[in-house]
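>>> Prediction below, plus the sequence it came from.
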Amino acid sequence: MEKKIKYKSIVNKNDFRKLLSKLTSRKLIGIDTETTSVDAVNTELVGISLAIPGLSTAYYIPLKHYGCKQLESNFVLNSLKPVLESKNCIKVGYNIKFDYIVLYRRGITLENIHDVQVMDYLLYPNEVKRDLNSVSLRHLGIGKSSLKDILKAVKKETKKKEVTMKDVSLDVATSYAAHDAFLTLELYPVLLEKLKKEIYWNFMKIIERPLNSYFG
């Protein structure tokens with residue numbers, strides 16, 4: 001059964017400080033970045049989503065959306081830097097190398113990162129579909145909305161020839177982005193437990209079973 005989760009936009013300093021206080025002492029958080037393209041080196045950072053274990057709310061911090069109130073990018077990034085660079089806190093993401101590059105080019109080096117895409121690959125190397133929607137459906141039975149469909153709807157509504165995440169309304173962007181961070185956080189313990197069992201089983205096959213042949 002899917003958890004009931006709320007999605008909150010962080011657009012003022014008071015809410016941002018409250019979020020920071022929640023993040024500071026955590027040992028695990030889910031993170032996702034929203035950008036204008038899949039080119040991690042040259043893309044624009046449009047927003048950052050975060051999810052925290054045990055909370056019923058996931059968060060989205062818009063940075064470069066059109067037509068909405070938002071905090072200044074440097075203020076947000078400088079404030080998040082200690083948390084994101086902490087080696088004591090695991091940062092979980094999907095294809096997190098992308099987020100790593102995006103943030104690194106803005107002065108933040110993500111530390112202690114775990115990637116649910118890689119974890120899924122280790123468990124199911126022959127699976128063809130490895131997008132977040134497929135991975136989430138495979139392990140959690142929870143799907144997600146498609147960014148392609150969201151941008152298509154925005155393009156139709158605005159009549160623009162080209163649209164990016166910057167054109168997506170804050171409400172839609174928040175639900176989409178924060179849900180992604182939430183999914184990665186939910187996937188992590190499930191995949192970790194499966195990996196531990198798989199690795200232990202391989203250990204049994206390599207070590208214990210051959211030993212049994214000597215003592216049997």
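Thanks, I have it.
>>> Quick check: closest non-adjacent residue to residue 119.
Of all residues not flanking residue 119 in the chain, residue 191 sits nearest, at 4.1 Å (C-beta to C-beta, 6 or more residues apart in numbering). The C-beta positions use only the backbone N, C-alpha and C, and glycine is treated the same way.
>>> ditto for residue 160
Nearest in space to residue 160, with sequence neighbours left out and distances taken as C-beta to C-beta, 6+ apart, is residue 167 at 6.8 Å.
>>> pretty sure the one you found contacts residue 156?
No - look at residue 167 against residue 156 with C-beta atoms under 8 Å: they stay out of range, at 11.6 Å.
>>> And these two? Which one has more around it.
Neighbour count, other C-beta atoms under 10 Å: between residue 167 and residue 156, residue 167 has more, with 20 against 10.
>>> and residue 135, what element?
Assigned by DSSP states H and E, residue 135 belongs to helix 132-139.
>>> Neighbours of residue 81, how many?
15.
>>> Hmm, I typed the wrong one, I wanted residue 142.
For residue 142, using other C-beta under 10 Å, the count is 16.
>>> Verify the assumption that it is located in a helix.
No - if the criterion is DSSP: H, G, I helix; E, B strand; the rest coil, then residue 142 is coil and not within a helix.
>>> Could you report the pLDDT at it?
Looking at residue 142, its pLDDT reads 92.
>>> thinking it is in contact with residue 184, fair?
No - taking C-beta under 8 Å as the definition, residue 142 is not a contact partner of residue 184, at 11.7 Å.
>>> What helices and strands are in contact with the longest helix along the chain?
Scanning the chain for the helix with the most residues, using DSSP state H, yields helix 170-203. Judged by 3 or more C-beta pairs under 8 Å, 6 or more residues apart in numbering; DSSP states H and E, helix 170-203 is in contact with strand 6-9, strand 28-35, strand 45-51, strand 57-62, strand 90-93, helix 116-123, helix 132-139, helix 147-158.
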